[in-house]
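Visitor: sequence-free structure coming up:
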């Protein structure tokens, strides 16, 4: 089971949860700005460019903060690229495992970098991407699995992501402007150092021939125990060795511990102990709980107390969030909050089973100002189908 990375509730412990609709994602704009300032400090000190990974956190209500601190954003296809150009400033880098012919020209028009996943896609579309004004990149699979969970590891055996480094041909360097190399997932500096050492021979081969090297995401730079000084040194060394612009595109680090998911107890039943049914669904609102799997931290959990299972309102038998200890048996109407839910939860929500989508709210932990940005309706559910 994947370990939750949260450092705790922080300022959210002071938020009155009853002020919110339920369920609801709440983002603390103060903590988000602190994360962005941390990333900018790394960029300024190292000379690297840092892009916001929209696949992880794309609450465009707060896009202006990103634009103040980061060099740009990265997209995973046409719709994210359109979102980036509409709301986010700076450089736009787009990568997809495979592009659709009907979309490649529009993607190239929107993007500064178009990164291809294979030489075949490079052969098919690079000319059209250059005609649209984009620089060209190629993703490399370093063939060095470093992740906690194989399904989240881009370098796991049989991965579809990137050209295996063992298949690299020197002539490819003359056809591209940059490399994209990614094999981390919410990790610290040591795995990145291992990756850099592993791909050293490739970087030596392309030194002076390419403009940029994008080291992808998975860098949990804003976690308190991350070795940021070591990261700055590594990024500077890579830039010096390759004469290339070094880039990072963190996702989790953008919104780490900047958001919670608030919900309400609907009922408590007995079956091998108490089971609480919430209006928060693992499968609809926090799918990584089931996919990773992992057990999200609960703000109200105590060291000693009643053990209770928490599950969602859908008909899926496995819609269970986990077992937790609470100070007392919860009653219907009690509010609960799961920590560190801004990244890779908000972007993955579904309306399976007609389960309501969580509202979106922005909170300022300094002023206690609370803005409900959006509440979803039946029309949002019905509009997805016809």
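Guide: Received, thanks. From a predicted model like this one, the values you see are computed outputs, not experimental measurements.
Visitor: Only the buried residues of stretch 345-355, if you could.
Guide: Neighbour-count burial for stretch 345-355, counted by 16 or more other Cβ atoms under 10 Å, picks out 345-346, 349, 351, 355. For glycine as for every other residue, the C-beta is placed from the backbone atoms N, C-alpha and C.
Visitor: One more: stretch 266-282?
Guide: 266, 268, 274-282.
Visitor: The residue most central in space within the chain: what's it in contact with?
Guide: Nearest to the mean C-alpha position of the chain, by Cα atoms, centre = their mean, lies residue 56 at 2.5 Å. If a contact means Cβ atoms under 8 Å, 6 or more residues apart in numbering, then residue 56 has 217, 251-252, 254-255, 343-344, 347 as its contacts.
Visitor: so what's it closest to, chain neighbours aside?
Guide: Leaving aside its chain neighbours, residue 56 sits nearest to residue 251 (2.8 Å; criterion: Cβ to Cβ, 6 or more residues apart in numbering).
Visitor: you'd agree that neighbour is up against residue 344?
Guide: Yes - with contacts counted by Cβ atoms under 8 Å, residue 251 reaches residue 344, the gap being 7.1 Å.
Visitor: more neighbours, those two?
Guide: residue 251 (26 against 22; other Cβ atoms under 10 Å).
Visitor: Torsion angles phi and psi at the more buried one?
Guide: Backbone geometry at residue 251, expressed as degrees, to the nearest 10, gives phi -110, psi -70.
Visitor: same question, residue 17
Guide: The phi and psi values for residue 17, taken as degrees, to the nearest 10, are phi -70, psi -20.
Visitor: Quickly note the distance from the closest residue to it other than its chain neighbours to residue 200.
Guide: Closest residue in space to residue 17, ignoring its immediate chain neighbours: residue 335 at 3.9 Å, by Cβ to Cβ, 6+ apart. Residue 335 sits 51 Å away from residue 200, going by Cβ to Cβ, to the nearest Å.
Visitor: Between those two, point out the one with more neighbours.
Guide: Taking other Cβ under 10 Å, residue 335 and residue 200 do not tie; residue 335 has more neighbours (20 against 12).
Visitor: and the nearest residue to residue 358 once chain neighbours are set aside, what does it touch?
Guide: Excluding the flanking residues, the one nearest residue 358 by Cβ to Cβ, 6+ apart is residue 23, at 4.0 Å. Neighbouring residues of residue 23 by Cβ under 8 Å, 6+ apart: 261-264, 278-280, 285, 356, 358-359.
Visitor: One more: residue 380?
Guide: Contacts for residue 380 (Cβ under 8 Å, 6+ apart) come out as 351, 357.
Visitor: okay, now residue 382: neighbour count?
Guide: 11.
Visitor: Now do the same contact list for it.
Guide: Contacts of residue 382 by Cβ under 8 Å, 6+ apart: none found.
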